[in-house]
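S.K.: structure for this input, please:
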Amino acid sequence: MPSHPTAPAPQARRLRQAVLAVVGIALFLGFIALGTWQVQRRAWKLALIERVDQRVHAAPVPLPSRPEWPQVSAASHEYLPITAQGRWLPEKTVLTQALTELGSGFWVMTPLELDDGAQVLVNRGFVPQEQRAQWLATPMPASTPTSTTATVEGLLRMSEPDGGFLRTNAPAEQRWYSRDIAAIGHWLQLPETAPFFIDAGLPPVPGAAAPPAADTSWPRAGMTVIRFHNSHLVYALTWYGLALMVAGAGWYVARYERRLRGFARPATTFAPDDTSSS
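M.R.: Okay, here's the model as predicted:
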């Protein structure tokens, strides 16, 4: 007699089908939800990029006052062009690790004391790695007056807490791997530090004439890189692709189960006609 695949017991088969169906539906709905979430995140990110692009090329506004500091956030103020006036505190300059298009080096961070007695840290610009000792010893050129009021124009930036990747800030060693404003202000004993800092220098206005020959002075200001990581479309396609794979696997399992039921169905037999002809 011909042999066929042995079908599992009806009760065990139904249990297995129910478990597979529940798992498959859960995975399908989960992947669809994750893909849709990434689509929504992409729309949010594109809107954020558009807002920042419009904000960064606006006219500079005065630095937020001290009562406004609690309302300053990345969503509403990051990369906002601002102007500030105050007196430099060069003896409290720190250098923080930087990696730029000019290579590795340091940001020169110097506090600016405002008229109300508060301080805001200013990233005066980039210096190469080999100039570290020079700028720690002489953080402000002799030609720069420190007793008169200085005016700074730049972009408002939010603090970068907790050091760099796998690196912790070491203030006692003058090793700063991020622009952690709270930690820097605490180490420098600044009594009233703004929770943000200023990147000195403004980006060129779109359509404006080309800038003059490259600046050779240090620190080099105006090197803010405005870039947003936006891979949400790739993530969305990945999740939707996984949902499609689950749907395909479900179709294959359903087809296989139908074949098993076909093999398990008893075959119809016909008795031979034993009537004899006269």
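S.K.: so where do the strands sit in the stretch 51-200 of the chain?
M.R.: For the stretch 51-200 of the chain, the strands defined by DSSP state E, counting those that start in this stretch occupy 61-62, 81-88, 94-100, 103-113, 119-128, 150-158, 193-200.
S.K.: can I get those in TSV including distance to residue 224?
M.R.: (Each C-beta comes from the backbone N, C-alpha and C, glycine too.) Output for the strands of the stretch 51-200 of the chain, formatted as TSV (distance: least, C-beta to C-beta, whole Å):
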stretch	distance to residue 224
strand 61-62	17
strand 81-88	11
strand 94-100	10
strand 103-113	11
strand 119-128	8
strand 150-158	5
strand 193-200	5
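S.K.: looking at these, spot the one closest to residue 176.
M.R.: strand 94-100 (4.0 Å; C-beta to C-beta).
S.K.: nearest to residue 247, of the strands of the stretch 51-200 of the chain?
M.R.: Going by C-beta to C-beta, the one of the strands of the stretch 51-200 of the chain nearest residue 247 is strand 150-158, 43.0 Å.
S.K.: do I have it right that residue 45 meets residue 231?
M.R.: No. Here residue 45 lies out of contact with residue 231, judged by C-beta atoms under 8 Å, at a distance of 9.5 Å.
S.K.: between the two, which has more neighbouring residues?
M.R.: Neighbour count, other C-beta atoms under 10 Å: between residue 45 and residue 231, residue 45 has more, with 16 against 12.
S.K.: how about the contacts made by the spatially closest residue to that one that is not a sequence neighbour?
M.R.: Ranked by C-beta to C-beta, 6 or more residues apart in numbering and with sequence neighbours excluded, the top spatial neighbour of residue 45 is residue 230, at 5.0 Å. Going by C-beta atoms under 8 Å, 6 or more residues apart in numbering, residue 230 touches 42, 45-46, 49.
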